[in-house]
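Asker: Build me a model:
(one chain, ligands or ions: 1)
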Amino acid sequence: MTPSGQSILIIGAGMAGLFCALTLSDQSREITLLERDPPPPEGDPEAVFETWNRRGVGQMRQSHAFLARLRSSIASAHPALLEALRAAGCREMEFQRALTDRQRRHYRPQPIDPELVALSCRRTTLETVLRRYVSDLPGVTIRSGCFVEGLILEQTDQRPKILGARTADGENHLADLVVDTGGRLTPGLEGLIAEGCSIPDETADAGVLYYTRHFKLRDGLMEPAKSRGVVTGDLGFMKYCVFPADNGWFSITIAIAEIEDELRVAVVDPSRFDAICSLMPPLDPWLSCSDGVGRVLAMGNLQSRWRDLAPEGMPLVDGYVALGDALIRANPLYGRGCTFAMIQAEALAEAMTEHPSAPLAAFQTRVHQALRPYFDDMAKQDRAAIRQAARVANPDFRPDLKARLLTSFGQQGMAVAVRSDPDLFRQVIEGFHMLTPPGAWMKSRRNLAKAVAWWMVPKAFKRDVLPASPGPSRTTVMESLGLPVSATWQRLQAAA
Ligand SMILES: Cc1cc2nc3c(=O)[nH]c(=O)nc-3n(C[C@H](O)[C@H](O)[C@H](O)COP(=O)(O)OP(=O)(O)OC[C@H]3O[C@@H](n4cnc5c(N)ncnc54)[C@H](O)[C@@H]3O)c2cc1C
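Answerer: Numbering: from 1, shown residues only. Prediction:
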C-alpha cells in the first residue's frame, strides 16, 4: 500500500476492470489488475483481431457499439485516450452524419450536438488501445496470466470481510478493497454466493441468440454513402444490425429468436448467413462493396441480470465491490453493456471519494439511480419482443385491427416524424445513447402531436421519409432457405 492511499485489487482486465483503473487511478492509489488471459499481441489492430487469445471474454469478437455516453466520459476525462483511439482507426459517428435529407434542410446546431458522437470500431481495437493507455497510468499494474480462484474472506460478527484474492499459482493478493470485474462467470461473486451470501438477483432471458460475421470492404471501395445512420431491421423473429468498424471493417449481427431452432442451425453456415442478409434490402449496399471473412460467430446464454450487494442500503460484505457484467448485465441488443460498465466505474470513484473505506452502499445507490430506469425499460421491451416472436412463428398469424393500427402509426406517423424533424431525431438519439432517461422523447405531447400530424399525411407526400421495408416475411425467409415454416409453431403448440 502507498503511504497515503489505498491498495485496490481488480479482478479481470476486461472493459469494466480497465474503466475502473481509469476512474480510480491517482497518484496515491496502488491498483493491481489480475487477468487470466494473455495481453494483446504487439502490432496493429489487424494483428490483435487475428491473434489475441481471449478465452475469458466469449463476446470479444462479437459486434460492439460504443455509445455517445461512453465516448463523452473518455473525451472529457481522458482526451489523450480518445486521440489514441482515433490513431488506431476508431471512428466517431456524429449525429449530423445520420440526418436524412429532409432533416438536414431544417437542421439548426444545438449545444448538445458535439456530445452526440458514438465510437465505431471492433472491440479488439478499443480494448487494446484502452489497455495500453491504462497500463501507463500512475500506480496501475496489470498482471496477465493470473487466474483468480477465489476471494480471501474473513467472517466477522456483522458480515463477511474480503481481504483479497487467491490465484491459481497459490499466491494470496491482499488489498484494502477488491473490485470484482470478472465478467459473467466471475469467481469472486460466485464464490461469495457459494459461501452462503444471499444476494438479490433478478435474471431474465434475452430471448435471442447472436450470430455475427465480419466483412472487409473491397480494395478501393467505400462504405455505402446513403446509409449514414444505423442500419437495422426487426422482423419479429429476427433482428439485424450493421456495425461500422475501424480500418475498412464492419460486421453484421443477426439476432434470432430463441424458439427458432431450424433457423438458428442454418444461420451458422456462412453461405446461408450471407443468403439471409441478401434478403434484407437495407443490407444490399453493404454486401455489394465487401467480402465476408471467416466463420459466423455464435453466442447464446444472453441474459439481463441485476444484482444488488447493498439491498436497502445495507452492505452484504465489506472490502468488496462488484461491477460490470459481474453485477449488472444488459441484453446486448441495446449496445449498452460497456457504457453501463463505465457509469458504474464512475459511480465507484465518486462513492470512494465520499466513503473511502466503505463505498459499497453509496456505490449501489448511485448505480440504481443511474441505470435502473434503463434496465427496467429494456426488460419491458424484451418481454414484448419474446411475445411477438411467438406470435410471428404462427404461419397463420394475422395481426388484429389494434395491432395493425399501432404498426401503421409507428411506421407512418412516429417513424416519419422522427425521420423528418431533426429536433425530434436528436431527442431519440439522446435517449438511445443514454444521455437522457429512456423513452423521455415518447412522453412529450408535442412529439406525439407531430407523429399524429404525419400519420394523417398521405403516403405520396412523405415517400422520401417513409422507413424502408426491413425485409420479407418469416415464411419467405424460411422457404428461401428450404426450412420448415411450421415447425416452431408446432413445438410451441405441443409445449402449451
Ligand atoms: C454478444 C454480445 C454483444 C455485446 N454487444 C455490446 C455492444 O454492442 N455494446 C456494449 O457496450 N456492450 C456489448 N456487450 C456487453 C459487453 O461485452 C459487456 O457488458 C462488457 O464486456 C462487460 O465488461 P466486464 O469487464 O464486466 O466483462 P468482460 O469484458 O467479460 O471482462 C471480464 C474480464 O475478467 C477476466 N476474468 C474472468 N475470470 C477471471 C478469473 N478467474 N481470473 C482472472 N481474470 C478473470 C476475463 O478474462 C475478462 O478479461 C455485448 C455482450 C455480448 C455477450
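
Asker: after the helix or strand of the chain with the lowest mean pLDDT, next one along is what?
Answerer: Taking mean pLDDT, DSSP states H and E as the measure, the chain has helix 187-194 as its least confident helix or strand, at a mean of 88. Note on helix 187-194: by DSSP states H and E, the next helix or strand toward the C-terminus is strand 201-205.

Asker: Quick one: classify residue 431 as helix, strand or coil.
Answerer: When classified by DSSP: H, G, I helix; E, B strand; the rest coil, residue 431 comes out as helix.

Asker: and it, how many residues sit next to it?
Answerer: Counted by other C-beta atoms under 10 Å, the residues lying close to residue 431 total 18. From N, CA and C alone the C-beta is placed, and that goes for glycine too.

Asker: ok, now which ones touch it?
Answerer: Contact analysis of residue 431 by C-beta atoms under 8 Å, 6 or more residues apart in numbering lists 437-441.

Asker: Could I have the buried ones of those residues as PyMOL selection syntax?
Answerer: Only the buried entries of the contacts of residue 431 go into this PyMOL selection, using 16 or more other C-beta atoms under 10 Å:
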select buried, resi 438+441
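
Asker: got the contact list for the residue of the stretch 151-300 of the chain found nearest the ligand?
Answerer: Nearest residue of the stretch 151-300 of the chain to the ligand: residue 183, at 2.9 Å (C-beta to the nearest ligand atom). Counting by C-beta under 8 Å, 6+ apart, residue 183 touches 12, 14, 16, 56-57, 324-326.

Asker: hang on, the earlier thing: closest one of the contacts of residue 431 to residue 106?
Answerer: Using C-beta to C-beta, residue 441 comes nearest to residue 106 of the contacts of residue 431, at 16.9 Å.

Asker: Now do the contacts for that closest one.
Answerer: Residue 441 neighbours (C-beta under 8 Å, 6+ apart): 424, 427-428, 430-431, 447.

Asker: rewinding a little: which of the contacts of residue 431 sits closest to the ligand?
Answerer: residue 438 (15.4 Å).

Asker: returning to that earlier point: close to the ligand as well: tell me which of the contacts of residue 183 qualify.
Answerer: Here is what survives when the contacts of residue 183 are matched to the ligand using C-beta under 6 Å from any ligand atom: 12, 14, 16, 56-57, 324-326.

Asker: picking up where we left off before, let me have the contacts of residue 441 in JSON lines, extended by distance to the ligand.
Answerer: Shown next, in JSON lines, are the contacts of residue 441 (distance: C-beta to the nearest ligand atom, whole Å):
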{"residue": "424", "distance to the ligand": "25"}
{"residue": "427", "distance to the ligand": "21"}
{"residue": "428", "distance to the ligand": "18"}
{"residue": "430", "distance to the ligand": "17"}
{"residue": "431", "distance to the ligand": "16"}
{"residue": "447", "distance to the ligand": "27"}
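
Asker: Please give the element, helix or strand, for residue 47.
Answerer: helix 45-51.

Asker: can you tell me the average pLDDT over that helix?
Answerer: Model confidence over helix 45-51, given as mean pLDDT, is 96.

Asker: Distance from that helix to the middle of the chain?
Answerer: Its chain's C-alpha centre and that of helix 45-51 lie 22 Å apart, by C-alpha atoms, centre = their mean, to the nearest Å.

Asker: how about it: buried residues?
Answerer: So, applying 16+ other C-beta under 10 Å, buried residues of helix 45-51: 45-46, 48-49.

Asker: what does stretch 268-284 give?
Answerer: 272-274, 276-277, 280, 282-283.

Asker: Setting aside sequence neighbours, what's the nearest residue to the residue of the stretch 151-300 of the chain closest to the ligand?
Answerer: residue 325 (4.8 Å; C-beta to C-beta, 6 or more residues apart in numbering).

Asker: Spell out which residues of the stretch 51-200 of the chain are next to the ligand.
Answerer: Residues of the stretch 51-200 of the chain lying near the ligand (C-beta under 6 Å from any ligand atom): 56-57, 59, 62-65, 147-148, 181-183, 186-187.

Asker: Among these, which pair sits farthest apart?
Answerer: Maximum distance among these (C-beta to C-beta): 30.1 Å, for 65 and 147.

Asker: host element of residue 213?
Answerer: strand 208-217.

Asker: Quick check: what element follows that strand along the chain?
Answerer: Tracing the chain past strand 208-217, the next element assigned as helix or strand by DSSP H and E is strand 232-234.

Asker: you'd agree residue 382 is up against residue 207?
Answerer: Yes - contact criterion C-beta atoms under 8 Å: residue 382 and residue 207 qualify, at 5.9 Å.

Asker: So for the residue most central in space within the chain, what's the nearest residue that isn't a sequence neighbour?
Answerer: Nearest residue to the geometric centre of the chain (C-alpha atoms, centre = their mean): residue 335, 2.6 Å. Among residues not flanking residue 335 along the chain, residue 65 sits closest, at 3.6 Å (C-beta to C-beta, 6+ apart).

Asker: mind listing what that neighbour touches?
Answerer: Here residue 65 is in contact with 118, 120, 243, 335 (C-beta under 8 Å, 6+ apart).

Asker: and the closest residue to the ligand within the stretch 351-496 of the chain, helix, strand or coil?
Answerer: Using C-beta to the nearest ligand atom, the closest approach of the stretch 351-496 of the chain to the ligand is made by residue 434 at 10.1 Å. What three-state DSSP gives for residue 434 is coil.

Asker: just to revisit the earlier point, residues touching the least confident helix or strand of the chain, excluding its own?
Answerer: 11, 148-151, 153, 160, 165, 178, 180, 182, 199, 307, 317, 320, 322, 326-327.

Asker: switch to 10 Å and redo it
Answerer: Applying C-beta atoms under 10 Å, 6 or more residues apart in numbering, the contact partners of helix 187-194 are 11-12, 36, 147-151, 153, 160, 162, 165-166, 178-182, 186, 197-199, 201, 307, 309, 316-317, 320, 322, 326-327.

Asker: if we can go back for a sec, highest neighbour count among the residues of the stretch 51-200 of the chain next to the ligand?
Answerer: Going by other C-beta under 10 Å, residue 181 tops those with 30 neighbours.

Asker: Can you check which residues contact both of residue 382 and residue 207?
Answerer: Each of 302-303, 331, 333 lies in contact with both residue 382 and residue 207 under the rule C-beta under 10 Å, 6+ apart.

Asker: Of those residues, just the buried ones, ChimeraX syntax please.
Answerer: Of the shared contacts of residue 382 and residue 207, the buried ones can be selected in ChimeraX as follows, counting by 16+ other C-beta under 10 Å:
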select :302,331,333
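
Asker: which two in the shared contacts of residue 382 and residue 207 are spaced the farthest apart?
Answerer: Distance extremes for those: the farthest pair is 303 and 333 at 12.1 Å, using C-beta to C-beta.

Asker: who touches both of those two?
Answerer: The contact lists of residue 303 and residue 333 share 206-207, 382, where a contact means C-beta under 10 Å, 6+ apart.

Asker: any idea which residue of the protein is furthest from its center?
Answerer: residue 157 (39.9 Å).

Asker: how about that one, secondary structure?
Answerer: Per three-state DSSP, residue 157 ends up coil.

Asker: any weak-confidence spans in the stretch 151-300 of the chain?
Answerer: The stretch 151-300 of the chain contains residues with pLDDT under 70 at 226-229.

Asker: rerun that using 90 as the cut-off
Answerer: Low-confidence segments of the stretch 151-300 of the chain (pLDDT under 90): 155-158, 185, 188-191, 193-197, 205, 222-230.

Asker: Make a PyMOL selection of whichever of the shared contacts of residue 303 and residue 333 turn out to be buried.
Answerer: Only the buried members of the shared contacts of residue 303 and residue 333 end up in this PyMOL selection, burial being decided by 16+ other C-beta under 10 Å:
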select buried, resi 206+207+382
